[in-house]
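Colleague: predicted model and sequence below, questions to follow.
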Amino acid sequence: MLAGLTDAGMQGIRLTKKKQVIKGVPRVTSTHVREAYWVFQGLSAQVDAGDALILVSRDPVRPSAVLRVLAGMLPVDTGAVQLPERAMLLSSPQVKWVRELSVEQTIRLLSGIYGFSDAEVEDLVEPVARTAEVQGLLHRPLEEFGKPVRDQIAFAIALHAPVPVVLFDHTATMGGGDFRASCLDRLVELRDAGKALVIATDKPKVALQVGTGAVIVRGKRADPVSVVDAAEFLLRDKGKGHKKRRSRDEDDEDEGGLEF
């Protein structure tokens, strides 16, 4: 096993609005109370070489928190975690990080942010540029190209990252045009080459095309399911539409601001 969680749970803090009637004051005042809640609980899952674990939920915060646990960025409050020897958590890069950089400088900076050594960064520049389809643009300012190219560079770094486990936080497809359309095929190739993937997604197609197993992440429990069941869960959820607020007694589906 390269990475995994055993009966793991993590709590967060949310602000809850409470109405308060003060005797003798002709109005209702509101206050905010900090309360703890389970981001996820009872989560057991493992990934090994060639696995692609899909994480789905009605609240995108929950699977994102699981990814940050596996990346070693957040602790769990209950249960156990086996962290991978090395992992990369891919998130869409912010424009303010790279606004004044060239394409090549962007590759080098993002690779450094993801924790690779100087020697590893040097080895990444050429294959990343080729995969991101920017090999002839290395000295051009990145701001000439916009978000799709920035995302293609980040995605290409994930594909070539010298790590056994790659984590995708709603970034299983990135970039523009033909590149974006090819992302899932590239992830299948990465998985078949022996990398372990953990993917948080709200897209049924990602689960069906890339996943080898799945977990529905909730507050009160986390349920291992097949990738077909995960895709059906996402389709049903889209059909219900967005729900801004759920009943407080349904703690496993509560939404709220998350602090750690």
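Modeller: Perfect, thanks for sending it.

Colleague: which residues of this structure fall in strands?
Modeller: For the chain, the strands defined by DSSP state E cover 3-21, 28-47, 52-56, 78-82, 87-90, 165-169, 196-200, 213-217, 222-225.

Colleague: separation between Met1 and Glu85?
Modeller: 12 Å (CB to CB, to the nearest Å). Heads up, the C-betas are built off the backbone N, CA and C, glycines and all.

Colleague: what does Ile157 give?
Modeller: Applying CB to CB, the value for Ile157 to Glu85 is 19 Å.

Colleague: and the pLDDT at Ser30?
Modeller: Ser30 is assigned 62 on the pLDDT scale.

Colleague: next one: Asp252
Modeller: So, for Asp252, pLDDT stands at 42.

Colleague: ok, what's across the strand from His32?
Modeller: Lys17 (DSSP bridges).

Colleague: surely it touches Arg14?
Modeller: No. Between His32 and Arg14 there is no contact under CB atoms under 8 Å: 9.6 Å.

Colleague: which one's more surrounded, those two?
Modeller: Arg14 (17 against 11; other CB atoms under 10 Å).

Colleague: and Thr212, how many residues sit next to it?
Modeller: 16.

Colleague: that one touches Gln46, doesn't it?
Modeller: No. Applying CB under 8 Å, one finds Thr212 not in contact with Gln46, separated by 11.5 Å.

Colleague: Gly213 and Asp59: what is the separation?
Modeller: 21 Å.

Colleague: ok, the two, which is more surrounded?
Modeller: Asp59 (20 against 17).

Colleague: all helices for the stretch 151-260 of the chain, in order.
Modeller: 177-192, 204-210, 227-240 (DSSP state H, counting those that start in this stretch).

Colleague: how about JSON lines for those helices, with mean neighbour count added?
Modeller: Converted to JSON lines, these look like this (neighbours: other CB atoms under 10 Å):
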{"stretch": "helix 177-192", "mean neighbour count": "15"}
{"stretch": "helix 204-210", "mean neighbour count": "20"}
{"stretch": "helix 227-240", "mean neighbour count": "16"}
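
Colleague: between the two ends of stretch 17-33, how far is it?
Modeller: Across its full length, stretch 17-33 reaches 6 Å between end residues, using CA to CA, to the nearest Å.

Colleague: again with stretch 130-146
Modeller: For stretch 130-146, the end-to-end distance is 18 Å (CA to CA).
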